[in-house]
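Undergrad: Provided below for reference: sequence and predicted model.
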Amino acid sequence: MRRFDPGAGELDVDFVLHIGDGPAAAWARDARPGSWVGVSEPGGRYVPDPTAEHHLVIGDETALPAVATVLTALPSGVPAQAFLEVADAAEEQQLPGSAAAHWVHRGDRPAGAPLVEAVTAAELPPGRGQAWLSGESACVRDLRRHLLDERGFDRRAVYATGYWRAR
């Protein structure tokens with residue numbers, strides 16, 4: 001869910017269509033303005049830590065709506081970086097908040113590989129950080145391991161969710 005306006009009765013939903021015939025992909029291919037969809041309230045366990053000294057937000061195109069929600073929730077005045085993998089520059093979007101956005105273009109490379117490279121090479125601010133990451137499952141797994149083992153993030157400060165699996 002990208003945006004909900006209860007007063008206007010409007011809901012904006014972003015979908016990324018992958019190859020396959022899952023129920024969400026089938027609905028998205030056939031959806032038109034006014035199509036019915038069932039949704040639940042936004043939620044999840046991620047809550048920005050107001051005492052974190054910096055924030056890291058990582059995702060691919062499937063996570064962009066959630067990334068926008070996370071960026072909006074981050075406390076102001078705290079350094080924040082967003083690393084975002086998309087196919088090419090045409091897929092970049094305007095995002096809310098003041099996080100420094102680092103767009104990574106995948107091109108013909110396997111999903112997640114450019115994002116892992118960008119994050120592992122990135123210079124992060126000193127101090128205790130908090131990270132939110134979502135996207136392709138193997139990429140999320142590798143980046144979570146990197147943040148915990150090589151960057152020293154506390155396990156409770158890393159919220160990681162694999163949204164999909166590359167074939």
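TA: Perfect, thanks for sending it.
Undergrad: so Ala87 sits against His105, correct?
TA: Yes. Counting by CB atoms under 8 Å, Ala87 does reach His105; the two are 7.0 Å apart. Every C-beta, even on glycine, is put in place using the N, C-alpha and C of the backbone.
Undergrad: give the closest residue to His102 in space, chain neighbours not counted.
TA: Using CB to CB, 6 or more residues apart in numbering and skipping the chain neighbours, the partner closest in space to His102 is Phe83 (4.9 Å).
Undergrad: what mean pLDDT does the host helix or strand of the one you found get?
TA: Assigned by DSSP states H and E, Phe83 belongs to strand 80-86. Averaged over strand 80-86, pLDDT sits at 97.
Undergrad: how far does stretch 103-116 stretch from start to finish?
TA: Stretch 103-116 has an end-to-end distance of 12 Å (criterion: CA to CA, to the nearest Å).
Undergrad: quick one: that stretch to chain centroid distance?
TA: With CA atoms, centre = their mean, to the nearest Å as the basis, stretch 103-116 stands 14 Å off its chain's centre.
Undergrad: same thing with stretch 48-64?
TA: The chain centroid and the centroid of stretch 48-64 are separated by 8 Å under CA atoms, centre = their mean.
Undergrad: go through that stretch and flag the buried ones.
TA: For stretch 48-64, a neighbour-count test (16 or more other CB atoms under 10 Å) marks 48-49, 52, 54-64 as buried.
Undergrad: and if you look at stretch 122-135?
TA: The neighbour-count check on stretch 122-135 (16+ other CB under 10 Å) flags 129-135 as buried.
Undergrad: other SSEs contacting whichever strand or helix holds Leu11?
TA: Using DSSP H and E, Leu11 sits within strand 10-12. Here strand 10-12 touches strand 3-5, going by 3 or more CB pairs under 8 Å, 6 or more residues apart in numbering; DSSP states H and E.
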